[in-house]
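> Pasting the sequence and the predicted coordinates here, then a few questions.
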There are 2 protein chains.
Amino acid sequence: MSGPAGGGRRVVVTGAAGSIGRAITPVLAGRWDLRPTDVPGGDPDALDVTDGEACRAAFAGADAVVHLAAVPDPEAGWEQLLPANVVGGYQVAQAAADCGVRRLVLASSLQAVSAYPEGRQVRTTDPPRPANLYGATKAWAEALGAWVASTSSTSVVALRIGYFAQQPPGGPGATARDVAAWLSPRDCAELVRTAVEADVRGFIVANGTSANRYRFADLAETTATLGYRPADDAWSGR
Amino acid sequence: MSGPAGGGRRVVVTGAAGSIGRAITPVLAGRWDLRPTDVPGGDPDALDVTDGEACRAAFAGADAVVHLAAVPDPEAGWEQLLPANVVGGYQVAQAAADCGVRRLVLASSLQAVSAYPEGRQVRTTDPPRPANLYGATKAWAEALGAWVASTSSTSVVALRIGYFAQQPPGGPGATARDVAAWLSPRDCAELVRTAVEADVRGFIVANGTSANRYRFADLAETTATLGYRPADDAWSGR
């Protein structure tokens, strides 16, 4: 993607009021002309991502769209996932292409590859193998991204985001995989920054965790394609 | 999948009245206890695949479900694809798992990988890269299959079906890729037969074309996993 290194770039963020959105927008607002489509605390004017016309209105004139709006629950059922994740995934991708947005960044998830055996580090070239319906909706998002990138001027980066949390997961409920998939807030902001600004053509998938010493997902590809350099390690001090 | 080699196996076929269904059901009806959910010529009692309860009623007691019902048009738009391909894909997968069906065969398509560059033979390990929205709905079907296979007793075979036609594509409208992706009716019946009867655990993707001398998709994996041995060649006699 060509264009200015930071300032002047108009970036629309859907789901800006969600947990990832709240963590990254303060960091990136100083760098870009950031346009959140919703604000924390309940927003009556929030973008309805199932409405294609509303998406086109929100994306007009944008250099990039960062699409975070989705039901983020790996245990969510069909009725919850159909509107935002399935229909919204399509409408956002279609609208970004219709508006000639140069870069679309999609929040996929490592849940899209959660059915691979434990002990085998997943790569971005691995096809989706979700272990839950939520992960299947993220595979859908990736397919939509590939389609849009192959048929429009919009390049697409799908981020397979790991376990996003303020601190490395701990306590009895945390699995080893959760720790190995941890993505810290500052690494998440850096991941999204590089996904918007990197020189990428067509469609790529990129894994997104922190620099955890033992990691569920390979990051060498993300460094190579996006220039992403994470700083945190879930095992730091352990 | 264990069970009898052929006879006695109860196999439900959705979309039996479609072009693939009409070609394979006469061949396979003599081998299995075949239960089409629709018949050619317009069927008022045809299964509505967007109705989960109706799917469960249709699949109860089945050993296998062959899911062919979908809008098969690579140029179809969202309004056409949403009901049968997107919602129907979910409802069929969920119902097959709920009913304890041992084998679910899903009609994916080589359109799911149509955005790869010409000249590069696609493999079943290649992640979906559709060049149209129809192909994206087939990537969705594959993701649903992987999910169901990882969370239930149902094993799933997703067939990336090529260019199904009575004769090898010819004439000015036919592309080289169409020829290289040709799947003949008898090879299609053999492909579906092996997909139902092969000993497969979990989830696999299998390419499905005839034994075309130059082929868009690798078939070695399909022979290895399913025992599929196609007979026809689009370039025969050319």
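Received it, and whenever you're ready, just let me know what you need. Predicted model, so just to flag it, every value in this text is computed and none were measured. Numbers count the residues shown, from 1 in each chain, chains lettered A, B, ... in the order given.
> May I see the buried residues of the helix or strand of chain A with the lowest mean pLDDT?
The weakest-scoring helix or strand in chain A, judged by mean pLDDT, DSSP states H and E, is helix A:176-180 (a mean of 93). By 16 or more other Cβ atoms under 10 Å in any protein chain shown, the buried positions in helix A:176-180 come out as A:178-180. The C-beta positions use only the backbone N, C-alpha and C, and glycine is treated the same way.
> again with stretch A:80-88
A:81-82, A:84-88.
> which ones among those residues come in contact with chain B?
For chain B, the contacts drawn from those by Cβ under 8 Å from any Cβ of the partner chain are A:82, A:86-87.
> What strands line up against the helix or strand hosting A:Leu34, and which way round?
Using DSSP states H and E, A:Leu34 maps to strand A:33-36. Applying DSSP bridges to the sheet, strand A:33-36 is found paired with strand A:10-14 (parallel).
> Which SSE is immediately downstream of the partner strand?
helix A:19-28.
> starting at the chain centroid, how far to that following helix?
Centre-to-centre, helix A:19-28 and its host chain are 12 Å apart (Cα atoms, centre = their mean, to the nearest Å).
> right, and the helix or strand after the lengthiest helix in chain A?
Longest helix of chain A, by residue count under DSSP state H: helix A:133-151. Using DSSP H and E, the helix or strand that follows helix A:133-151 in sequence is strand A:155-161.
> quick one: average pLDDT of that following strand?
The pLDDT scores in strand A:155-161 average 98.
> Give me the helices and strands touching it, please.
Using 3 or more Cβ pairs under 8 Å, 6 or more residues apart in numbering or on different chains; DSSP states H and E as the contact test, the elements touching strand A:155-161 are strand A:103-109, helix A:133-151, helix A:185-197, strand A:203-208.
> Does the longest helix of chain A reach chain B?
Yes. Helix A:133-151 is in contact with chain B by Cβ under 8 Å from any Cβ, via A:133, A:135-136, A:139-140, A:142-144, A:146-147, A:149-151.
> Can you tell me which of the residues you listed are buried?
A:133, A:135-136, A:139-140, A:142-144, A:146-147, A:149-150.
> can you put these in JSON lines and add pLDDT?
JSON lines is the format used below for these (pLDDT from 0 to 100):
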{"residue": "A:Leu133", "pLDDT": "98"}
{"residue": "A:Gly135", "pLDDT": "98"}
{"residue": "A:Ala136", "pLDDT": "98"}
{"residue": "A:Ala139", "pLDDT": "98"}
{"residue": "A:Trp140", "pLDDT": "98"}
{"residue": "A:Glu142", "pLDDT": "98"}
{"residue": "A:Ala143", "pLDDT": "98"}
{"residue": "A:Leu144", "pLDDT": "98"}
{"residue": "A:Ala146", "pLDDT": "98"}
{"residue": "A:Trp147", "pLDDT": "98"}
{"residue": "A:Ala149", "pLDDT": "98"}
{"residue": "A:Ser150", "pLDDT": "98"}
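> Could you measure from the closest residue in space to A:Arg215 that isn't next to it in sequence over to A:Gly21?
Leaving out its chain neighbours, the residue that sits closest to A:Arg215 by Cβ to Cβ, 6 or more residues apart in numbering or on different chains is A:Ala180, at 5.3 Å. From A:Ala180 over to A:Gly21 the distance is 24 Å, taken as Cβ to Cβ, to the nearest Å.
> and if you look at A:Ala189?
The spacing between A:Ala189 and A:Gly21, counted by Cβ to Cβ, is 11 Å.
> more neighbours, those two?
Between A:Ala189 and A:Gly21, A:Gly21 has the larger neighbour count (other Cβ atoms under 10 Å in any protein chain shown), namely 22 against 18.
> Please spell out the segments of chain A that come in under the pLDDT threshold.
Scanning chain A for pLDDT under 70 picks out A:1-5, A:7.
> and the angle for the helix or strand that the strand holding A:Leu34 is followed by with strand A:10-14?
Remark: after strand A:33-36, the chain's next helix or strand is helix A:52-59, criterion DSSP H and E. Angle of helix A:52-59 versus strand A:10-14, following axes from the mean of the first three to the mean of the last three Cα atoms, to 10 degrees, is 140 degrees.
> buried stuff in helix A:52-59?
Residues of helix A:52-59 classed as buried by neighbour count (16+ other Cβ under 10 Å): A:52, A:54-55, A:58-59.
> measure stretch A:141-159 end to end?
Using Cα to Cα, to the nearest Å, the end-to-end distance of stretch A:141-159 comes to 10 Å.
> Actually, stretch A:117-127.
14 Å.
> Would you mind pulling the contact partners of it?
Taking contacts as Cβ atoms under 8 Å, 6 or more residues apart in numbering or on different chains, the residues outside stretch A:117-127 that touch it are A:110, A:113, A:116, A:160, A:177, A:204-207, A:215-218, A:221-222, B:125-128, B:142, B:205.
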